[in-house]
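Undergrad: need the 3D shape of this:
(2 chains)
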Number of protein chains: 2
Amino acid sequence: MARLGPRRTLKLTIAYDGTRYVGWQFQNNGPSIQAELERALHAITGENARFVGAGRTDAGVHARAMVAHVHTRTTLPAGKLALALNAHLPKDIGVDHSEDAPDDFHSRRDARGKCYRYTIVTGRARPVLDRLYTAHVSYTLDVPAMADAAQHLVGTYDFSAFVTELKARQHHCVRTITRAEVWQEERRVLIEVEGNGFLYNMVRTIAGTLVVVGKGKQRPKWVADVIASRDRREAGPVMPAKGLCLMRVFY
Amino acid sequence: MARLGPRRTLKLTIAYDGTRYVGWQFQNNGPSIQAELERALHAITGENARFVGAGRTDAGVHARAMVAHVHTRTTLPAGKLALALNAHLPKDIGVDHSEDAPDDFHSRRDARGKCYRYTIVTGRARPVLDRLYTAHVSYTLDVPAMADAAQHLVGTYDFSAFVTELKARQHHCVRTITRAEVWQEERRVLIEVEGNGFLYNMVRTIAGTLVVVGKGKQRPKWVADVIASRDRREAGPVMPAKGLCLMRVFY
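TA: Presented below is the predicted three-dimensional model:
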């Protein structure tokens, strides 16, 4: 067991494959990323510390670079701790970076924004090598139309129409999206959105709404009408969790 | 059960995630891609037909586009059969394309060449989202030096130095490599080789040999010496199976 010293705040950047997890946050009904990290730290230092993430990804959602903070009394240098955590973590979670942060650093409250990517594989052949990280639609999508449609998302709006949970819709749903891009790489259609915060299922509903445009069932401008409606029934379907990945958190 | 008609030869293009398989070919000690395909066809037509692949990928090796042929008496159109096979196959195998071929088409004998890709993730952070499809080296690699080194592989040579099995080395080891490229995409180093045929473990040993150059332990020209030696002990190590993927078969 490593020696303990004064309390430090560590900022960690974590990648994970969400496939077999109930999500970032601890829950009683299955393994979570948070619980795995807390177990790994306990194995190293004996501490029962709490990892706080910049956001709460849902079951099956992946992350290339979630940011979390933890208070610890370990005397290990931050870089060494990342290696030690990795040695105790399952292969589908990896601490990419660990650094000392100001005492009052808070991964969620200090986050200025996030970038999410949603990936769709199009065409009749189903995805095989990327089946766990993409959604599949068997038809082709009009990607330029989707890119046009995405531009209507950029700005500060009440995004109630993109929120599934009634409870969440009763709260403040105004968010700012600063970037929304759609492009194609071979059979993949990639959607990236950046903003100051995202509501429950918002990115997956944005993806589903853009797919409605990509199928030619609505014109790009319709997205502006969906936003203005503030009515969940106007937006497209929620796309599957496995296509979603948290790419970056901005501070 | 579908009706049976006259014998047809089908050419199929198949993607698979080799992680949980003993390889393409049927073996008694675990599941194989070939056995899964044969089981799926049997479920559809009742036939006990044999799928013959263009090559025999090893345990853990992946394919984006393996080509196989099979003789069948099903009356289903080739495209429908692909969908029916997919419905009976596990999610880590997918038939991307199926077409009627000349009666005497033979996936292996008629193949003019193949393209393989080897993918390495570099740097201290371990791969997470692509951990099943890449090898990891914790150091950085000199990619331009590796690309130079790869040029020495292009040509017709006796590649005995790149063959692990003594038995295989006693056979004819002359092969022609027509293309060998190395490039970088973010933290990934990609090695692609195309040629008229590859010996047992040859691509994985080529990757290991290029890594020796990438680490700065040998100069690019050393690869020519390795080939000339025809001595397995001169080449680099065999890299892990999971980094290898059969990209294409040429006819």
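Undergrad: okay, helices next: where are they in the stretch 1-150 of chain A?
TA: A:33-45, A:78-88, A:143-151 (DSSP state H, counting those that start in this stretch).
Undergrad: whoops, the stretch 151-251 of chain A was the one
TA: Using DSSP H, counting those that start in this stretch, helices in the stretch 151-251 of chain A cover A:166-169, A:202-214, A:222-229.
Undergrad: among these, which gets the worst mean confidence?
TA: Across the helices of the stretch 151-251 of chain A, helix A:166-169 has the smallest mean pLDDT, namely a mean of 61.
Undergrad: tell me the residues on chain A that lie near chain B, please.
TA: A:15-17, A:62, A:64, A:83, A:86, A:91-97, A:124-129, A:131, A:133, A:245 (Cβ under 8 Å from any Cβ of the partner chain). Any C-beta I mention is one placed from the backbone N, CA and C, and that applies to glycine too.
Undergrad: output the helices of the stretch 1-150 of chain A in JSON lines; the columns should cover mean pLDDT and mean neighbour count.
TA: Below are the helices of the stretch 1-150 of chain A laid out as JSON lines (pLDDT from 0 to 100; neighbours: other Cβ atoms under 10 Å in any protein chain shown):
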{"stretch": "helix A:33-45", "mean pLDDT": "97", "mean neighbour count": "20"}
{"stretch": "helix A:78-88", "mean pLDDT": "96", "mean neighbour count": "18"}
{"stretch": "helix A:143-151", "mean pLDDT": "98", "mean neighbour count": "20"}
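Undergrad: grab the nearest non-local neighbour of A:Ile191.
TA: A:Tyr118 (4.3 Å; Cβ to Cβ, 6 or more residues apart in numbering or on different chains).
Undergrad: what about that neighbour, how many residues nearby?
TA: 24 (other Cβ atoms under 10 Å in any protein chain shown).
Undergrad: show me where chain A has its strands.
TA: Under the criterion DSSP state E, strands of chain A are mapped to A:4-16, A:52-53, A:62-74, A:93-101, A:113-122, A:135-137, A:155-158, A:174-185, A:188-195, A:244-250.
Undergrad: mind putting those in a markdown table, mean pLDDT included?
TA: Below are the strands of chain A laid out as a markdown table (pLDDT from 0 to 100):
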| stretch | mean pLDDT |
| --- | --- |
| strand A:4-16 | 96 |
| strand A:52-53 | 97 |
| strand A:62-74 | 97 |
| strand A:93-101 | 97 |
| strand A:113-122 | 98 |
| strand A:135-137 | 97 |
| strand A:155-158 | 96 |
| strand A:174-185 | 97 |
| strand A:188-195 | 98 |
| strand A:244-250 | 98 |
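Undergrad: turn those strands into TSV, columns for distance to B:Arg219.
TA: Formatted as TSV, the strands of chain A follow (distance: least, Cβ to Cβ, whole Å):
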stretch	distance to B:Arg219
strand A:4-16	35
strand A:52-53	47
strand A:62-74	36
strand A:93-101	32
strand A:113-122	40
strand A:135-137	46
strand A:155-158	56
strand A:174-185	35
strand A:188-195	38
strand A:244-250	39
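Undergrad: let me know which of these is the nearest to A:Ala207.
TA: strand A:113-122 (4.1 Å; Cβ to Cβ).
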